[in-house]
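Visitor: Here's my sequence, what's the structure:
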Amino acid sequence: MRFEEELVALLPRLRRFARGLARHPGDADDLCQAAIERALKSRDQWQDGTRLDSWMYRITRNLWIDERRAAGRRGVHSPIDDAATQVAGDGAAEVEAGALRGDVDGAMARLPDEQREVVMLVLVEGYAYREAADILEVPIGTVTSRLARGRETLMHYLGEAA
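Guide: Residues are numbered from 1 along each chain as shown. Next up is the predicted model:
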């Protein structure tokens with residue numbers, strides 16, 4: 001498969017990861033677009049035969065970290081709450097599913113950044129601990145402890161929402 005085809009096939013997962021990091025859909029779309037632009041400009045740095053998804057997650061995470069640092073210098077950015085701008089659906093099941101999704105999204109958004117990125121990689125994207133450690137460029141023990149704390153914190157937050 002060609003580089004561009006693999007990149008296109010990766011887009012839904014990359015966007016989900018970006019949303020987990022950025023917390024807001026608009027910011028996630030911007031982050032995803034920036035990561036794709038960076039990947040296309042830096043294509044010669046990707047080694048054929050290696051995992052494109054790991055390379056893209058690393059690019060996305062590094063861009064997110066850069067943006068967080070820049071935002072810290074600019075001041076806090078508070079986007080409009082997405083839940084307040086959406087219109088509810090018709091069915092009770094749809095409303096209940098939306099509420100649960102909102103609870104989970106809210107709990108994820110409250111996690112510290114380090115825990116949220118590990119939870120996104122391991123629990124949402126299904127990466128092995130070693131792969132997540134490689135993407136995040138941290139020891140595997142760090143991934144293990146952040147994931148344990150992240151799970152515990154999520155359960156606490158979701159318990160509050162019930």
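Visitor: contacts, neighbours, all on C-alpha from now
Guide: OK.
Visitor: where along this protein do the helices fall?
Guide: 3-22, 25-41, 52-74, 82-85, 92-110, 113-119, 129-136, 140-161 (DSSP state H).
Visitor: what's the average pLDDT for the shortest one?
Guide: In this model, helix 82-85 carries a mean pLDDT of 44.
Visitor: low-confidence ranges in this structure?
Guide: 1, 73-103, 161-162 (pLDDT under 70).
Visitor: Report the residue ranges of every domain in it.
Guide: Domain ranges of the chain: 1-79, 90-162, per automatic domain parsing.
Visitor: quick revisit: could the helices of the chain go into a markdown table alongside mean neighbour count?
Guide: Shown next, in a markdown table, are those (neighbours: other C-alpha atoms under 10 Å):
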| stretch | mean neighbour count |
| --- | --- |
| helix 3-22 | 17 |
| helix 25-41 | 18 |
| helix 52-74 | 16 |
| helix 82-85 | 9 |
| helix 92-110 | 15 |
| helix 113-119 | 22 |
| helix 129-136 | 19 |
| helix 140-161 | 16 |
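Visitor: Tell me the backbone dihedrals of residue 46, please.
Guide: phi -80, psi 130 (degrees, to the nearest 10).
Visitor: so it touches residue 55, yeah?
Guide: Yes: counting by C-alpha atoms under 8 Å, residue 46 does reach residue 55; the two are 7.5 Å apart.
Visitor: Now do the contacts for residue 2.
Guide: Residue 2 is in contact with no residue at all, counting by C-alpha atoms under 8 Å, 6 or more residues apart in numbering.
Visitor: If you could redo that for residue 146, that was the one I meant.
Guide: By C-alpha under 8 Å, 6+ apart, the neighbours of residue 146 are 114, 115, 118.
Visitor: Please determine how far it is located from residue 31.
Guide: If you measure residue 146 against residue 31 using C-alpha to C-alpha, to the nearest Å, the figure is 23 Å.
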